[in-house]
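Asks: please find the sequence and the predicted model below.
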Amino acid sequence: MSANRDRLPPGQYEARGWPVLHVGGVPPIDLATWRFRLHGAVLEPRTFDWDGFRSLAATQVHADFHCVTKFSVFDNDWGGVAVRTVVDQVRLDPGVTHVTVHAAEGYTANLPLEVVVDDDTLFAWERNGEPLTPEHGGPLRLVVPKRYAWKSVKWATGIEFLTHDRRGFWEERGYHNVADPWREERYSYQETAS
Ligand SMILES: Nc1nc2c(c(=O)[nH]1)N[C@H]1C(S)=C(S)[C@@H](COP(=O)(O)O)O[C@H]1N2
Ligand SMILES: [Mo]
């Protein structure tokens, strides 16, 4: 299928189905006590409960998904809230350049602010019309189609706004800070000094 080959970033293959991949176990999450925090370099931090978060304007994104371990999953229909919409709920300090997205049990990923608020990024609660299952990051995960999927943080608990870059869980452990699959930015040793 040559049309699909054009959609595969270098070194990737199309997965059958939707693999599950994460470090550690699936964290137990109770929607009654679930919270999502916007904090760090903001005028006033905000905390959402599940109903409050779900009342934000919803959106849909159609996108492929690329894991650094080389599987890609085509044609995901994600439903959730645009990251832009979430970020707009707080007033950022003028110096904000990056974010850390936090997850249950200490997993994190870092992204430049302009990347995390791109048109195709969202906090998703649904894929292909079905609620996200716990093993795929339910109730809420980040989706960043233009980056390797380790940045698509499952079980997201909040955004920390930063005035400098700070490497996340895998970025500290040898993965590339940028992680663009089309440039095959898998490992930190590929990073050029700038
Ligand atoms: N909280 C958390 N999010 C995570 C991970 C993780 O270990 N913990 N693994 C990442 C990796 S490496 C990938 S490939 C995707 C896998 O998502 P999936 O299991 O829904 O396919 O989740 C990402 N998000
Ligand atoms: Mo991954």
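Replies: On my side now, so go ahead. Ligands and ions are numbered 1, 2, ... in the order given.
Asks: ligand 2 contacts on the chain?
Replies: Proximity of the chain to ligand 2, by Cβ under 5 Å from the ion, involves residues 67-68, 149-150. In this view, the C-beta of every residue, glycine as well, is placed from N, C-alpha and C.
Asks: how far away is Leu8 from ligand 2?
Replies: 16 Å (Cβ to the ion, to the nearest Å).
Asks: surely that residue meets Ser72?
Replies: Yes. With contact defined as Cβ atoms under 8 Å, Leu8 counts as touching Ser72 (5.9 Å).
Asks: what is in contact with these two at once?
Replies: Glu14 (Cβ atoms under 8 Å, 6 or more residues apart in numbering).
Asks: lowest-confidence helix or strand of the protein?
Replies: Among the helices and strands of the chain, helix 2-7 carries the lowest confidence by mean pLDDT, DSSP states H and E, at a mean of 72.
Asks: quick one: name whatever helix or strand follows that one.
Replies: Later in the chain than helix 2-7, the nearest helix or strand by DSSP states H and E is strand 13-14.
Asks: given that next one, what are its sheet partners and their directions?
Replies: strand 71-82 (parallel) (DSSP bridges).
Asks: can I get the partner strand as CSV, trimmed to CA atoms?
Replies: Extracted in CSV, the C-alpha atoms of strand 71-82 (Å, rounded to 0.1, in the frame of the first residue of the first chain):
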residue,chain,number,x,y,z
PHE,A,71,4.8,1.0,15.5
SER,A,72,2.4,3.6,14.0
VAL,A,73,-1.3,3.6,14.3
PHE,A,74,-3.2,5.2,11.4
ASP,A,75,-6.5,7.1,11.4
ASN,A,76,-7.3,7.7,15.1
ASP,A,77,-10.4,9.9,15.6
TRP,A,78,-9.7,11.6,18.9
GLY,A,79,-12.3,13.4,20.9
GLY,A,80,-11.5,15.8,23.8
VAL,A,81,-10.5,19.4,24.4
ALA,A,82,-8.0,21.3,22.4
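Asks: residues near the nearest residue to Gly80 once chain neighbours are set aside, how many?
Replies: Once flanking residues are discounted, Gly80 sits nearest to Ala124: 3.7 Å by Cβ to Cβ, 6 or more residues apart in numbering. Counted by other Cβ atoms under 10 Å, the residues lying close to Ala124 total 27.
Asks: who's Ala124 bridged to?
Replies: Gly80, Arg141.
Asks: so it versus ligand 2, what's the distance?
Replies: 16 Å.
Asks: next, the contact list for that residue, please.
Replies: When contacts are counted by Cβ under 8 Å, 6+ apart, Ala124 touches 61, 78-80, 132, 137, 140-143.
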